[in-house]
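give the three-dimensional model of this entry:
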Amino acid sequence: MQLAHLAVPQATVTLGAMMTAVMAIIFRMRASDKPVNAKKLLMPPVGMSTGFLMFVVPVMRIPMLWGLIAFAAGALLFAYPLIRYSRLERRGDDVFLVRSKAFVFILIGLLVIRLLLRGVIEQYVTLPQTGAIFFIVAFGMLLPWRLAMYRQFRQLLAAAS
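This is a model prediction of the structure:
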């Protein structure tokens, strides 16, 4: 099955990415007002993992090495600031995510870096492959971050016992 080439202007893609980032920032700020639990920490990577079904479509496929490099970039470069500035604290019987003033700037910085990299990568691979690469980068960023928060969550619960 061959998909027709999409004629999507770069400005539309950039605007969509920026709107998604703003929504993520707003969502993150609201989430810090509610207690977290294991399900809330672990479900985002589980839900996002369904996106790997995109590789069923041949036009989306990339070489395995590219995928490994994209995952490593997400895990080693982009996850670190999120892990570093995400802190959980116990309040009574509940655990809350503590808002960091740096977090919004980190998300904006990561968005800018991703947009700049996207512009470079799109020169060498197709638009669907670019999307696949950046999906893997995002998953590589999300998984270690959420696992680190889950580990911190478990430590807080164990310390209270």
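
any buried residues in the helix ranked longest in the chain, and which?
In the chain, taking DSSP state H as the definition, the longest helix is helix 127-160. By neighbour count, with 16 or more other CB atoms under 10 Å as the criterion, the buried positions of helix 127-160 are 127-146, 148-150, 152-153. Using the backbone N, CA and C atoms, a C-beta is placed for each residue, glycine as well.

helices of the chain, residue ranges please.
Using DSSP H, the helices assigned to the chain run over residues 10-31, 38-49, 64-73, 79-85, 101-121, 127-160.

least confident of those helices, on average?
Mean pLDDT is lowest for helix 10-31 out of the helices of the chain, coming in at a mean of 72.

for Asp93, which of the helices of the chain is the nearest?
When those are compared by CB to CB, helix 127-160 sits nearest Asp93, at 8.3 Å.

I'd assumed Val120 was in contact with Phe134.
No: if you go by CB atoms under 8 Å, Phe134 and Val120 don't touch, sitting 11.8 Å apart.

quick one, what contacts the closest residue to Val137 other than its chain neighbours?
Spatial nearest neighbour of Val137, chain neighbours left out: Gly74 (4.2 Å); criterion: CB to CB, 6 or more residues apart in numbering. When contacts are counted by CB atoms under 8 Å, 6 or more residues apart in numbering, Gly74 touches 136-142.
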